[in-house]
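>>> A predicted structure for the sequence below; I have some questions about it.
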Amino acid sequence: MLSFDQVKQSLESSGQSHVLQFWPELCEEDRDSFLQELSQLDLHGLKDHCERAAKAATSPPTSLDQHIEPIPPQIIGSTKKSDKTSLANWQNEGLLQISKNRVGVLLLAGGQGTRLGVQYPKGMYNVGLPSGKTLYQIQAERIHKIQELADVKYGSKCTVPWYIMTSEFTLAPTEKFFKENNFFGLKPSNIIMFEQRMIPAVTFDGKVILQGKGRIAMAPDGNGGLYQALLDNKVLEDMKMRGVEYLHVYCVDNILVKMADPVFIGFCVSKGADCGAKVVEKVCPAEPVGLVCRVRGISQVVEYSEIQPETAELRGPDGELIYTAGNICNHFFSRAFLQDVAEKYIDQLKQHVAIKKVPYVDMCGNQVKPTKPNGIKMEKFVFDVFPFSRNFVVFEVAREDEFSPLKNADGATTDSPTTARSALLAQHRRWATAAGATLLVDQGNTLPPTPSVSAGDAALAQCEISPLVSYFGEGLEHLLKGRTLQSPFSLDEKIAKDLQA
Ligand SMILES: CC(=O)N[C@H]1[C@@H](OP(=O)(O)O)O[C@H](CO)[C@@H](O)[C@@H]1O
């Protein structure tokens, strides 16, 4: 820990001496914790950080729009358009890699869930499924299942390690939650949690914001803080030690995420890719998803907050949208590529500006909750390493099978607990009917085989299939064929055993 004088001097030379304004009022204990917090800051880089933030907030980002082009079809694979044999080959390749312990998953879980309006990590959210499972539990069970599928196919016991990037906000509650839930049956040594860095929020005139008299307002450095966090926490060494060559990186909020999806992994590996992204076709130009595209010939993502509406709305001769490749935050990276990024490119990652309402103490020491944005948070984005890739590929998937993110609180028309729950239940209804089951709603009404689903439609049968029973709809026929099932129907491992018997 640095001494008070060292910290004071550094703050003065960065033009931030106001940070210690309330020091004389602090008790011994608060002084200690504040000094500790300040010692951990990158004090050398502070001046630069504050100046850059203030400058970025006042000068609009240079628009990339004129240089955007769609991704060329040659580098796109698709669960919708590629032929069945290719898909089966990719799946086998993916399972082979998994069976050889070469695949890991990495969860981006440092965010605060502000839009969802909860005080705890998003992964702990229960969207109200009949089973009451949280996002973390669903993900853990999918890891279990994919290990089992690879084991069965290639006859070897394998592990898919689960790396979880948290932040100061989410680490402690996430650890506690995993412990309380007995790590959802996974081996604790195969779950590696680590923390991303936090950086200070800054006012429009480049001053660090004091959140309390002895505390500065800190925010995680964006999901692109991943690369620094991999270095800080020696995660690449851990991967190397385990023999993990490929990583599936995903964000916490997508209830349909396919953990270590063998088809996607297999596609990327077969193409010799070092980096890849899953996309879905955008539903409308304004959908808040990043656009996977090329800018001046280089593959990258232009975030929804940074594209102009006129560009997003561009249409071709038949009225079809030109830019349709929506980023679902499911990325593939080879370990070699991540090593390269860490060694050569980490300082070149773009900084993005987010203007936010940041609670603060004013000059007189009053706590203020601003009603208008007052602060700048600088963030890095996980996909900003794509331009450094030497062989980037894109994999298009069906939205109804792979993308239903939880972003907003209930009441919103999109991306809410209700839409997430409905998407999962609809998928499981499709699996059950495809396996030959008939689903009955309350009064014995038979469900049409392919029900059209609207969010929260109570008239539809509820059918939930545990990931421990089926990962992508496989293995259900021998359990469900010819059966009539009363809603709500929950197929867990125990019921699966009974049905088999
Ligand atoms: C920096 C980043 O990863 N942004 C991602 C991420 O955005 P959110 O702001 O977390 O919703 O998830 C979206 C998909 O849910 C994706 O479209 C977008 O590009």
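Received it, and whenever you're ready, just let me know what you need.
>>> since we're on the nearest residue to residue 10 once chain neighbours are set aside, how many residues are nearby?
Nearest non-adjacent residue to residue 10, counting by C-beta to C-beta, 6 or more residues apart in numbering: residue 43, 4.0 Å away. Just so you know, the C-beta spots here come from the backbone N, C-alpha and C atoms, and that holds for glycine as well. Number of residues near residue 43 (other C-beta atoms under 10 Å) recorded here: 18.
>>> show me what contacts residue 43?
By C-beta atoms under 8 Å, 6 or more residues apart in numbering, residue 43 lies in contact with 2, 7, 10, 11, 14.
>>> Before we move on, what's the pLDDT of it?
In this prediction, residue 43 carries a pLDDT score of 90.
>>> What backbone torsions are found at it?
Residue 43 adopts backbone torsions of phi -70, psi -30, taken as degrees, to the nearest 10.
>>> Out of the contacts of residue 43, flag the one nearest to the ligand.
Nearest to the ligand among the contacts of residue 43: residue 14, at 28.1 Å, using C-beta to the nearest ligand atom.
>>> Isn't the closest one up against residue 50?
Yes - using C-beta atoms under 8 Å, residue 14 makes contact with residue 50 at a distance of 6.9 Å.
>>> on that earlier part again, from the contacts of residue 43, which land in helices?
Cross-referencing the contacts of residue 43 against helices under DSSP state H gives 7, 10, 11.
>>> could you dump the residues you listed to a markdown table with neighbour count, distance to residue 460 and pLDDT?
Output for the ones in helices among the contacts of residue 43, formatted as a markdown table (neighbours: other C-beta atoms under 10 Å; distance: C-beta to C-beta, whole Å; pLDDT from 0 to 100):
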| residue | neighbour count | distance to residue 460 | pLDDT |
| --- | --- | --- | --- |
| 7 | 21 | 60 | 95 |
| 10 | 19 | 61 | 95 |
| 11 | 20 | 59 | 95 |
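>>> Distance to the ligand added to the residues you listed, as JSON lines?
As requested, these are exported to JSON lines (distance: C-beta to the nearest ligand atom, whole Å):
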{"residue": "7", "distance to the ligand": "33"}
{"residue": "10", "distance to the ligand": "31"}
{"residue": "11", "distance to the ligand": "31"}
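>>> Distance from the longest strand along the chain to the middle of the chain?
Identified as the longest strand of the chain according to DSSP state E is strand 325-334. Distance, stretch centre to chain centre, for strand 325-334: 10 Å (C-alpha atoms, centre = their mean, to the nearest Å).
>>> As PDB, could you dump the C-alpha coordinates of it?
Taking Å, rounded to 0.1, in the frame of the first residue of the first chain, the C-alpha atoms of strand 325-334 are listed here in PDB:
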ATOM      1  CA  ALA A 325     -25.600 -10.100 -39.100                       C
ATOM      2  CA  GLY A 326     -26.600  -9.400 -35.400                       C
ATOM      3  CA  ASN A 327     -23.900 -10.200 -32.800                       C
ATOM      4  CA  ILE A 328     -25.100 -12.500 -30.100                       C
ATOM      5  CA  CYS A 329     -22.000 -12.200 -28.000                       C
ATOM      6  CA  ASN A 330     -20.900 -15.800 -28.600                       C
ATOM      7  CA  HIS A 331     -17.300 -15.900 -29.700                       C
ATOM      8  CA  PHE A 332     -14.700 -18.400 -30.500                       C
ATOM      9  CA  PHE A 333     -11.000 -17.800 -29.900                       C
ATOM     10  CA  SER A 334      -8.000 -20.100 -30.200                       C
END
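>>> Can you name the next helix or strand after that strand?
helix 335-340 (DSSP states H and E).
>>> just checking, what packs against that next one?
helix 235-242, strand 246-251 (3 or more C-beta pairs under 8 Å, 6 or more residues apart in numbering; DSSP states H and E).
>>> my read: residue 95 touches residue 261, true?
No - using C-beta under 8 Å, residue 95 is not in contact with residue 261, being 10.5 Å away.
>>> Among those two, which residue is more densely surrounded?
Between residue 95 and residue 261, counting by other C-beta under 10 Å, residue 261 is the more crowded of the two (29 against 24).
>>> The more buried one and residue 94 touch, don't they?
Yes - counting by C-beta under 8 Å, residue 261 sits close enough to residue 94 to count as a contact (7.0 Å).
>>> Which single residue in the stretch 151-300 of the chain comes nearest to the ligand?
residue 290 (2.7 Å).
>>> which non-adjacent residue is nearest that residue?
Nearest residue to residue 290 in three dimensions, chain neighbours excluded: residue 327, at 3.7 Å (C-beta to C-beta, 6+ apart).
>>> Likewise for residue 307?
That would be residue 291: by C-beta to C-beta, 6+ apart, it lies 6.0 Å from residue 307.
>>> Now the one you found. Its backbone dihedrals?
phi -100, psi 120.
>>> For it, report the pLDDT, please.
Reported pLDDT at residue 291 in the predicted model: 98.
>>> Tell me, how many residues neighbour it?
26.
>>> which residues does residue 362 contact?
So residue 362 contacts residue 368 (C-beta under 8 Å, 6+ apart).
>>> measure it to residue 221 for me?
26 Å (C-beta to C-beta, to the nearest Å).
>>> what do you get for residue 284?
31 Å.
>>> if I read this right, residue 359 contacts residue 366, doesn't it?
No - between residue 359 and residue 366 there is no contact under C-beta under 8 Å: 11.3 Å.
>>> Need the nearest residue in space to residue 2, chain neighbours excluded.
Nearest residue to residue 2 in three dimensions, chain neighbours excluded: residue 39, at 4.3 Å (C-beta to C-beta, 6+ apart).
>>> what sits against the one you found?
1, 2, 7.
>>> Quickly find the element holding the residue of the stretch 51-200 of the chain found nearest the ligand.
In the stretch 51-200 of the chain, the residue that lies nearest the ligand is residue 111 (6.8 Å; C-beta to the nearest ligand atom). Per DSSP H and E: residue 111 is located in neither a helix nor a strand.
>>> Number of residues surrounding it?
Residues near residue 111, counting by other C-beta under 10 Å: 21.
>>> these two touch, right, it and residue 222?
No - between residue 111 and residue 222 there is no contact under C-beta under 8 Å: 9.2 Å.
>>> who touches both of these two?
Counting by C-beta under 8 Å, 6+ apart, nothing touches both residue 111 and residue 222.
>>> Closest one of the contacts of residue 39 to residue 436?
Of all the contacts of residue 39, the one with the least separation from residue 436 (C-beta to C-beta) is residue 1, at 65.9 Å.
>>> The closest one touches residue 34, doesn't it?
No - Residue 1 lies out of contact with residue 34 (C-beta under 8 Å); the separation is 11.0 Å.
>>> Give me the more crowded residue out of those two.
Comparing residue 1 with residue 34 by neighbour count (other C-beta under 10 Å), the higher total belongs to residue 34, at 22 against 11.
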